[in-house]
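# This is the structure alone, sequence omitted:
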């Protein structure tokens, strides 16, 4: 099983220095030179994996039941408010042997953003791959023209030893029940790139198959473009069921096949990946960033500035700034910008995003995700015809920042490049 034993940390010393948390070995998990990446936490509570019996001073911490079986809550207030370092397991190319995929047939279900990237990267890595699509899919010809074998979804599921489901979250459960489940065999590996349907019990696989996740931390078009450029998007690995005993090494081999091992593969759980991924998308990466750019654009335009200027200042430059942060952290960004801009960051950032209020709102978003409220809304939205979703999408498409941006991009020297696989170049 996935659940890895972790020893509870030694309490920090009286000077307040953080303590280290030794990490135990997981069943059937490759151990070759894997790297442990530490992060300091000081929140009032933090979930940890089941503890070994030890005489650690941290064992006096209060344990409470968690929503997931076998997971504990650790009340860090009981550890004299000392910080602890929780170590996340990291794997890199040297730890991920792609040769474990030799003789394995890999069926990629779906050929959208993630699907096309996984299929093409695995093909280019020398793996035996096919794409499963519904009969009449518009992507059938695209996949064939890319040199991939294409089958119907039931045919692909029956053909594959490894079945990676990469159709949209909202249709996965129906596709699984109708086309995949009847064709699974004992010993197959069922894979996901996001834990939504497993964590929220929309898909319940049989006990005799491996259930794993390789989740690239980036859009599919970036997964493809970075692979082609000799790099890779970091991934998360999780194992929900290890029926064969080989789930870890096969999943890590898959990560190597799509290029993820080049950037690093971090061990997690389906629950943690689902909750943190949804939170990051909603509070920061998509919901947060889009609202911030939109409000900045509107503020300048309403104050009388040219919409084109507002677009450059609040939207176009976002990528340029994020590229610097991605390369070397916020410090690298601050090094590259002017001191005037950095001073404005310190004095005006907290005015735009008041700390306590913003944190309170973010915690409310996280609670809705953890308690299944968001999942329930999303499932209901899809069952009820997506009225709200479609209305918001149409409304955004008509927003001035979108129309002005489209016109500006069209007239740039590279304006005819609409290939999303080159978006990160």
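Structure's in. What do you need? Since this is a predicted model, take the numbers as computed values, not measurements. Numbers count the residues shown, from 1 in each chain.
# pLDDT weak spots in the protein?
Scanning the chain for pLDDT under 70 picks out 1-86, 415, 420-425.
# Tell me which residue is most central in it.
Residue closest to the average C-alpha location in the chain (Cα atoms, centre = their mean): residue 217, at 4.3 Å.
# what are the phi and psi values for that residue?
Here is the backbone geometry of residue 217 (degrees, to the nearest 10): phi -90, psi 60.
# That one and residue 226 touch, don't they?
No: using Cβ atoms under 8 Å as the test, residue 217 is too far from residue 226 to be in contact (11.2 Å). The C-beta positions use only the backbone N, C-alpha and C, and glycine is treated the same way.
# on that earlier part again, in contact with the residue nearest to the centre of the chain, which residues?
Shown in contact with residue 217 (Cβ atoms under 8 Å, 6 or more residues apart in numbering): 233, 234, 235, 236.
# go on, residue 150?
130, 131, 132, 133, 140, 143, 144.
# Can you turn the buried subset of the residues you listed into a selection I can paste into PyMOL?
To isolate the buried ones among the contacts of residue 150 in PyMOL, judged by 16 or more other Cβ atoms under 10 Å, type:
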select buried, resi 130+131+132+133+140+143
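# I'd like to know which of the contacts of residue 150 is nearest to residue 119.
Nearest to residue 119 among these, counting by Cβ to Cβ, is residue 131 at 5.3 Å.
# From residue 147, how far out is that closest one?
Noted for residue 131: a distance of 11 Å to residue 147, by Cβ to Cβ, to the nearest Å.
# Need the overlap of contacts for these two.
The contact sets of residue 131 and residue 147 do not overlap (Cβ under 8 Å, 6+ apart).
# Tell me how far the residue sitting furthest away from the middle of the chain lies from residue 310.
Each residue of the chain has a distance to the centre, and by Cα atoms, centre = their mean the biggest one is for residue 304: 39.6 Å. Distance, residue 304 to residue 310, using Cβ to Cβ: 10 Å.
# need the contact list for residue 159.
Residue 159 makes contact with 105, 107, 130, 151, according to Cβ under 8 Å, 6+ apart.
# before we move on, back to that, by neighbour count, which of the contacts of residue 217 wins?
residue 235 (30 neighbours; other Cβ atoms under 10 Å).
# I figured it was touching residue 262, is that so?
No: look at residue 235 against residue 262 with Cβ under 8 Å: they stay out of range, at 9.9 Å.
# mind listing the strands for this protein?
Per DSSP state E, the chain carries strands over the ranges 35-41, 45-48, 63-65, 72-75, 84-91, 105-109, 128-133, 149-152, 162-165, 189-192, 210-216, 235-241, 265-267.
# Now residue 201, what are its backbone angles?
According to degrees, to the nearest 10, residue 201 has phi 60, psi 30.
# I should have written residue 125 there, sorry.
Dihedral angles phi and psi of residue 125 (degrees, to the nearest 10) take the values phi -90, psi 0.
# Now do the contacts for the closest residue in space to it that isn't next to it in sequence.
Nearest residue to residue 125, sequence neighbours excluded (Cβ to Cβ, 6 or more residues apart in numbering): residue 257, at 4.4 Å. When contacts are counted by Cβ under 8 Å, 6+ apart, residue 257 touches 98, 101, 106, 121, 122, 125, 127.
# out of these, who's nearest residue 300?
Once Cβ to Cβ is applied, the member of these that ends up nearest residue 300 is residue 121, at 40.6 Å.
# Contacts only, for the closest one.
223, 224, 227, 257, 258, 259.
# if we go to 10 Å?
Counting by Cβ atoms under 10 Å, 6 or more residues apart in numbering, residue 121 touches 127, 129, 216, 220, 223-224, 226-228, 232-233, 257-260.
# Return the closest of those with respect to residue 278.
With Cβ to Cβ as the yardstick, the closest approach to residue 278 among the contacts of residue 121 comes from residue 216, at 15.8 Å.
# Quick check: the gap between that closest one and residue 113.
Distance from residue 216 to residue 113, by Cβ to Cβ: 10 Å.
# more neighbours, those two?
Using other Cβ under 10 Å, the more surrounded residue of residue 216 and residue 113 is residue 216, with 27 against 18.
# Test my guess that that one contacts residue 255.
Yes: between residue 216 and residue 255 there is a contact at 8.7 Å, judged by Cβ atoms under 10 Å.
# Mutual contacts of the two, please.
Common neighbours of residue 216 and residue 255 (criterion: Cβ under 10 Å, 6+ apart): 232, 234, 235, 236, 263, 265.
# can I get those in CSV with distance to residue 161?
Shown next, in CSV, are these (distance: Cβ to Cβ, whole Å):
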residue, distance to residue 161
232, 24
234, 26
235, 20
236, 22
263, 26
265, 21
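# Next, give me the two most distant ones among those residues.
Longest span within the shared contacts of residue 216 and residue 255, Cβ to Cβ: 232 and 236, 13.3 Å.
# Quick check: neighbours shared by the two?
216, 255, 260, 264, 265.
# Of those residues - the most surrounded one?
residue 260 (33 neighbours).
# ok, for that one, nearest residue in space, not its chain neighbours?
Distance criterion Cβ to Cβ, 6+ apart; nearest residue to residue 260, sequence neighbours excluded, is residue 235 at 3.4 Å.
# what separates the one you found from residue 114, distance-wise?
Taking Cβ to Cβ, one finds residue 235 at 11 Å from residue 114.
# next one: residue 279
Distance from residue 279 to residue 114, by Cβ to Cβ: 20 Å.
# Please consider this matter closed, and thank you.
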